[in-house]
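K.L.:
Please work out how this folds:
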Amino acid sequence: MTDRVERRLAAILAADVAGYSRLIGADEEGTLARLKTHRRDLIDRKIAEHRGRIVKTTGDGILVEFASVVDALRCAVEVQSAMTERNTAAPPDSRIEFRVGIHQGDIVVEDGDILGDGVNIAARLEGLAEPGGICVSARVQEDAAGRLDITFEDIGEQQLKNIARPVRVFRIAAKRSAPPSEPRAALPLPDKPSVAVLPFTNMSADPEQEFFADGIAEDVITALSRYPSLFVIARNSCFTYKGRAVDVKQIGHELGVRYVLEGSLRKAGGRIRVTAQLVEAETGKHVWAERYDRELADIFAVQDEITEAVTIAIAPAIAHAERQRAMRKPPESLDAWAAYQRGLWHFSHVTAEENALAEKFFRQSIELDPAFAGGHTGLAYALANAGNTFQQMDFNEAMGAAEASARRAVALDATDAEAHAVLSATLGGRGDIAGALLEAEHARSLSPNLASAHGALSMLLIYSGRAREGIAAHQTCARLDPRDPRLGWRLHRVALGHYFIGEYAAARDAAELAISAYPEFPTPYRILAAALGQLGESDEAKRALDRASSLRPAAFEWFVRQRPPGFRPDDYEHVLEGLRKAGWQG
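P.N.:
Residues are numbered from 1 along each chain as shown. As a prediction, the model looks like this:
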């Protein structure tokens, strides 16, 4: 008769010292002495306090069994918190920091040791944890949720080495570094949004992915630095935080930034997962977060793809956060930057009333600081809209004033890509297509990921006989800023581009999308009527024509009686041909 195997359900905690080999190599005796002191004065005492049993220890690791998930978690959190305080006075390169993994599962007990998948999973979870951090399985999270004052961050299913099935993993953030005894004086915030990009944490068990994680952070810093609207901390300063988990409020204090981008990377098999989050340093509020899962076939192509995706997402997220901050301030307390942001908030709503409010706040920004280029850039956009989109002003007068404001913005800051983009738009509106193209290309060279530069280029390419290129530029604009409320308004240009090259069904579809977004904007109705006329859909064409001529009669007359600025003669006649087929008697 064979002996019965002893099994039981347990919470298993596995921990090791991060960077143990490096610490031993640098100072063997000192490291062993400090580790012994931490074990005696803190770790063993906490394990006993929470009714844990030390199963075994290695040079840098420990395996502990608990009867309760809550006990295991409470022990881990208290140890990590205490280690944060103990490390405060230690130099960063000699700190002892633990990584902890906790799992609950069935174990086999043999001669005091414990075996089985439950133990293996806990050990693999420890490998996913950051130095000073804790990773737990979904079973632990489910049992402990609501019982402890901790926050679980879901980092998704992970394929753990030698574990057949994927395991859903949660991370518990642990503060590991405290400010120095004499805190540095806070640096003043710049007069535009400021951001620090921290080194991305390699959370995979593969140390070779460290260079990949660093490469993403470095590339994001470089890409964001091309945005003149942002103040981006240089790599050398950002990377002083590598291997540390300093509170974002402290980073904001020390670097003088409003936003901090942090992220992590983990590799499982042939796939890579990168998570990134943008945090407002002052409040700790998450402004934006995203996760990217990719096949790791070509690591450098993946790095470029993720860098581009992160960069494209961050700039609009910061812009939105800045506008929300400005909207919370009373108008009488606004400085030039906040007034500019208020103007942008109203401008983004794309109505005549909001455009008038945007103009008011842009003028206020200029009054508060005449040398601030952003105020003049915003005013140029609002004046162009007043003369063209909403016809609140005489077209020529409005476009002349818009061009003057745009030129003033460029004169104040020749490196401001947004200023060159609005100058391009105003020149194009006045019919100087060649000059406008030069400005649009210059804006794009200054800031390749600036959506408005690609938007201006789209219009100009369509007007200059390069409609397919113009449509592609619009698609790039939409990809760079997919939540821009003006995208629907810009679709009338895409409709025009399709019309010019005889793609009447596509022109109809784009015009209808533009109308659904802005039903009071007259231009898409004209394009829709012409496209339907060319398609022979006479009834629908007539309805679109009636709407186009009745919505703003003066604008319709101006459009059909004289060739609008920027239209090539052949393109203009092509549109009139479609309108005649729709029933226009011209």
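K.L.:
What is the lengthiest helix in the chain packed up against?
P.N.:
Counting by DSSP state H, the longest helix found in the chain is helix 299-327. Helix 299-327 sits against helix 210-224, strand 259-268, strand 271-280, strand 285-295, helix 336-347, with contacts defined as 3 or more Cβ pairs under 8 Å, 6 or more residues apart in numbering; DSSP states H and E. In this view, the C-beta of every residue, glycine as well, is placed from N, C-alpha and C.
K.L.:
how much distance is there from it to the middle of the chain?
P.N.:
The chain centroid and the centroid of helix 299-327 are separated by 3 Å under Cα atoms, centre = their mean, to the nearest Å.
K.L.:
rewinding a little: could the helices and strands packed on helix 299-327 be laid out in CSV, adding mean neighbour count?
P.N.:
Converted to CSV, the helices and strands packed on helix 299-327 look like this (neighbours: other Cβ atoms under 10 Å):
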stretch, mean neighbour count
helix 210-224, 20
strand 259-268, 24
strand 271-280, 20
strand 285-295, 15
helix 336-347, 24
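K.L.:
Just want the angle from the longest helix of the chain to helix 336-347.
P.N.:
Inter-element angle recorded for helix 299-327 and helix 336-347: 100 degrees (by axes from the mean of the first three to the mean of the last three Cα atoms, to 10 degrees).
K.L.:
what about helix 299-327, average pLDDT?
P.N.:
When pLDDT is averaged over helix 299-327, the result is 75.
K.L.:
Identify each buried residue in it, please.
P.N.:
Within helix 299-327, the residues that count as buried by 16 or more other Cβ atoms under 10 Å are 299, 302-303, 306-323, 325-326.
K.L.:
That helix to strand 259-268, inter-axis angle?
P.N.:
Using the same axes, to 10 degrees, the direction of helix 299-327 lies 150 degrees away from that of strand 259-268.
K.L.:
model confidence over the helix or strand in which residue 250 is found, on average?
P.N.:
Using DSSP states H and E, residue 250 sits within helix 248-255. On average, the pLDDT along helix 248-255 is 84.
K.L.:
The chain should start at 52 in everything you say after this.
P.N.:
Let's use 52 as the start, then, which means that last one is helix 299-306.
K.L.:
Now do it: which elements does it pack against?
P.N.:
Applying 3+ Cβ pairs under 8 Å, 6+ apart, one finds that helix 299-306 contacts strand 245-248, strand 310-319.
K.L.:
Give me the distance from it to the chain's centre.
P.N.:
For helix 299-306 - counting by Cα atoms, centre = their mean - the centre lies 20 Å from the chain centre.
K.L.:
ok and it relative to strand 310-319, angle-wise?
P.N.:
Going by the same axes, to 10 degrees, helix 299-306 makes 120 degrees with strand 310-319.
K.L.:
would you put the C-alpha positions of helix 299-306 in PDB?
P.N.:
Taking C-alpha atoms only, helix 299-306 is exported to PDB below (Å, rounded to 0.1, in the frame of the first residue of the first chain):
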ATOM      1  CA  VAL A 299       5.100  60.800 -10.100                       C
ATOM      2  CA  LYS A 300       4.400  63.800  -7.900                       C
ATOM      3  CA  GLN A 301       8.100  63.800  -6.900                       C
ATOM      4  CA  ILE A 302       9.200  63.600 -10.500                       C
ATOM      5  CA  GLY A 303       7.000  66.500 -11.400                       C
ATOM      6  CA  HIS A 304       8.500  68.400  -8.500                       C
ATOM      7  CA  GLU A 305      12.100  67.500  -9.300                       C
ATOM      8  CA  LEU A 306      11.900  68.000 -13.100                       C
END
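K.L.:
Show me the helices in the stretch 352-501 of the chain, by range?
P.N.:
Assigned by DSSP state H, counting those that start in this stretch, the stretch 352-501 of the chain shows helices spanning 387-398, 403-419, 424-438, 446-463, 468-480, 484-497.
K.L.:
could you redo these as CSV and give each row distance to residue 285 and mean pLDDT?
P.N.:
As requested, the helices of the stretch 352-501 of the chain are exported to CSV (distance: least, Cβ to Cβ, whole Å; pLDDT from 0 to 100):
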stretch, distance to residue 285, mean pLDDT
helix 387-398, 22, 84
helix 403-419, 28, 91
helix 424-438, 23, 91
helix 446-463, 25, 93
helix 468-480, 20, 91
helix 484-497, 19, 91
